[in-house]
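Trainee: Here is my input, please return the structure:
(chains A and B)
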Amino acid sequence: MSAQIEPRAVVTRFAPSPTGFLHIGNARTGLFSWLYARHHGGRSLLRIEDTDKARSTQAAIDVILDGLQWLGLDWDGDAIFQSERVGRHVEVAQALQAKGQAYRCYMSSAELAAARAAAEKERRPFRLESPWRDCGPDAPAPDAPFVIRLKAPREGETAIDDLVQGRVTVSNSELDDMVLLRSDGTPTYMLAVVVDDHDMGVTHVIRGDDHLNNAFRQLGIYKAMGWPEPVYAHIPLIHGPDGAKLSKRHGALGVDAYRDELGILPEALFNYLLRLGWGHGDDEIISQSQAIQWFDLDAVGKGPSRFDMKKLENLNGHYIREASDGRLAGLIVPRLEHSLGRALGGDEIERLTAAMAELKPRAKTLDELADGAVFLFKPRPLDYDEKAEQLLAGDAPRLLARAYAALTALDEWTAPATEAAVRSVAEAAAVKLGQVAQPLRAALTGRATSPGIFDVLVLLGREESLARIAERMGSEG
RNA sequence: GGCCCCAUCGUCUAGCGGUCCAGGACGUCGCCCUUUCACGGCGAAAACACGGGUUCGAUUCCCGUUGGGGUCACCA
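Mentor: Got it, this is the predicted structure:
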């Protein structure tokens, strides 16, 4: 019977570097990290890895913060900026050196390159063996630039019990003496991550698969410092439809692009990302609160999964249908104003909201939703697309004239009333309803597809409807 | 190439030795609904990579092959 060990409270962290956009794959890793903390009632921290000062502008940082907030991922406490912690990183490097766990290495980059080239030539794996490793503190210090390297173990092996990958073992002979401090005295990423994670009290390091190999080397710092080791969970990367690393061409867009350019709802992206690489029985539609309740790392797949835009769109369509009319109208107003080239008035937004019930089921993205709504506000004469022109040819003008007459005679302008009128026109002309309805649709919307034609009539209103029909009708024959 | 990891329908996945001639979802294809397009309903095609073991019995366990991915910096 082993003693019951008091589990450490879970502390996770999301540590993006501000490159100008929040990569969709990183967003998913952040989601998993956040979900894990929330599920276990722990803390979810945020650290901005802004050591590359050139790229780390405030704008680039805001993109990440906006993206996270939009997705509904919050964090506990203030965000930590790695750049502000350089002093502490250097301090740890020096402590390591004082303990004899790190050393000054005076090898020049030319020497390194030569050693690497030699290894390459002999077709054997390159493993750095610095002659300065075992010189001890009394070694003559040449007047030359140096780096601080970690004295990594060479015997034995290192194992990680990864929450996603399982137990992974690597021979220590594979590990080299990584650089802790560069010759200009600045800390490397390897050092900074470990020091920050430790100082922030991170218990669970949940990050991309691409860091798995780093974990073994980073563990060396924890061991050398005598710090408690974190639990690791390495999440597989997201791949493109072709199985290769997700590239710009097929979806490696920033979260902001999904929102702004494609018109994806946050709950749809949340749901999609959650189900990509993770499953919970047959459940497909999963809310945030349900996700928190159900999520755990053991159900995360070990292999990379491919990004599927079609499925995201399907999910988005689902959430559009669920969204309130007011919210949707508000979301597409900017898109409509952009394509119309003018601002929408209050009464127009009211009409837009009223139209949502009919427009919603026809759209998979906000872009499509806006496109489906634009006919409501187009000035006369409409621009008719090719299919609409086809519908308006032949007998159509004559039938439109009859419909015009029947509609003009109506006392009340409702869907049932207009339907009765149009049906009677079709009957009188001995044609199918579609023979009248389709030209009507073309005349009213300029398109061959739209919501139900009687709803369109009501949405447009009597005056505008009749005016649009008049544009295209001939004489009653 | 060395090291590490992975492998169920086209895609995301369920399956944790027998309940699987493998379930769900997206996509695809039919049919229904219908004034168009959607939505919705019904249905179909579609997978355990291959080869050895272990076992009374393997999609499930082990090994190999093949395929895929990750990583090998004074970048993060």
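Trainee: What segments of chain A are strands?
Mentor: Across chain A, reading from the start of the chain, the strands by DSSP state E fall at A:11-14, A:43-48, A:80-81, A:102-105, A:147-150, A:157-162, A:166-171, A:179-181, A:204-208, A:231-235, A:238-239, A:305-306.
Trainee: In JSON lines: those, plus mean neighbour count.
Mentor: C-betas here are computed from N, CA, C, even on glycine. Compiled in JSON lines, those are given as follows (neighbours: other CB atoms under 10 Å):
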{"stretch": "strand A:11-14", "mean neighbour count": "25"}
{"stretch": "strand A:43-48", "mean neighbour count": "22"}
{"stretch": "strand A:80-81", "mean neighbour count": "18"}
{"stretch": "strand A:102-105", "mean neighbour count": "23"}
{"stretch": "strand A:147-150", "mean neighbour count": "24"}
{"stretch": "strand A:157-162", "mean neighbour count": "16"}
{"stretch": "strand A:166-171", "mean neighbour count": "12"}
{"stretch": "strand A:179-181", "mean neighbour count": "23"}
{"stretch": "strand A:204-208", "mean neighbour count": "23"}
{"stretch": "strand A:231-235", "mean neighbour count": "23"}
{"stretch": "strand A:238-239", "mean neighbour count": "22"}
{"stretch": "strand A:305-306", "mean neighbour count": "16"}
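Trainee: Tabulate those strands in TSV, adding columns for distance to residue A:193 and mean pLDDT.
Mentor: Shown next, in TSV, are these (distance: least, CB to CB, whole Å; pLDDT from 0 to 100):
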stretch	distance to residue A:193	mean pLDDT
strand A:11-14	10	97
strand A:43-48	9	97
strand A:80-81	12	96
strand A:102-105	16	92
strand A:147-150	13	94
strand A:157-162	15	93
strand A:166-171	18	92
strand A:179-181	12	96
strand A:204-208	8	96
strand A:231-235	12	96
strand A:238-239	22	92
strand A:305-306	26	94
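Trainee: mind giving me CSV with those strands and columns for distance to residue A:279?
Mentor: Formatted as CSV, the entries for the strands of chain A read as follows, by distance: least, CB to CB, whole Å:
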stretch, distance to residue A:279
strand A:11-14, 21
strand A:43-48, 22
strand A:80-81, 33
strand A:102-105, 44
strand A:147-150, 39
strand A:157-162, 19
strand A:166-171, 18
strand A:179-181, 41
strand A:204-208, 18
strand A:231-235, 14
strand A:238-239, 15
strand A:305-306, 10
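Trainee: could the ones you listed be laid out in CSV, adding distance to RNA strand B?
Mentor: Output for these, formatted as CSV (distance: least, CB to the nearest atom of the strand, whole Å):
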stretch, distance to RNA strand B
strand A:11-14, 13
strand A:43-48, 9
strand A:80-81, 11
strand A:102-105, 8
strand A:147-150, 5
strand A:157-162, 8
strand A:166-171, 5
strand A:179-181, 4
strand A:204-208, 8
strand A:231-235, 8
strand A:238-239, 6
strand A:305-306, 3
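Trainee: To residue A:362, which of these lies closest?
Mentor: Ranking the strands of chain A by proximity to residue A:362 (CB to CB) places strand A:305-306 first, at 27.8 Å.
Trainee: what number of residues lie near residue A:182?
Mentor: Applying other CB atoms under 10 Å, we find 14 residues neighbouring residue A:182.
Trainee: Those residues of the stretch 1-150 of chain A touching RNA strand B, which are they?
Mentor: Residues of the stretch 1-150 of chain A found near RNA strand B (CB under 7 Å from any atom of the strand) are A:17, A:49, A:51-52, A:82, A:107-109, A:112, A:116, A:123, A:125-126, A:128, A:145, A:147.
Trainee: next one: the stretch 151-300 of chain A
Mentor: Near RNA strand B, the residues belonging to the stretch 151-300 of chain A are A:165-166, A:168-171, A:174, A:178-179, A:182-184, A:186, A:188-190, A:209-214, A:236-237, A:239, A:241, A:243-245, A:275-279, A:281-282, A:284, A:299 when assessed by CB under 7 Å from any atom of the strand.
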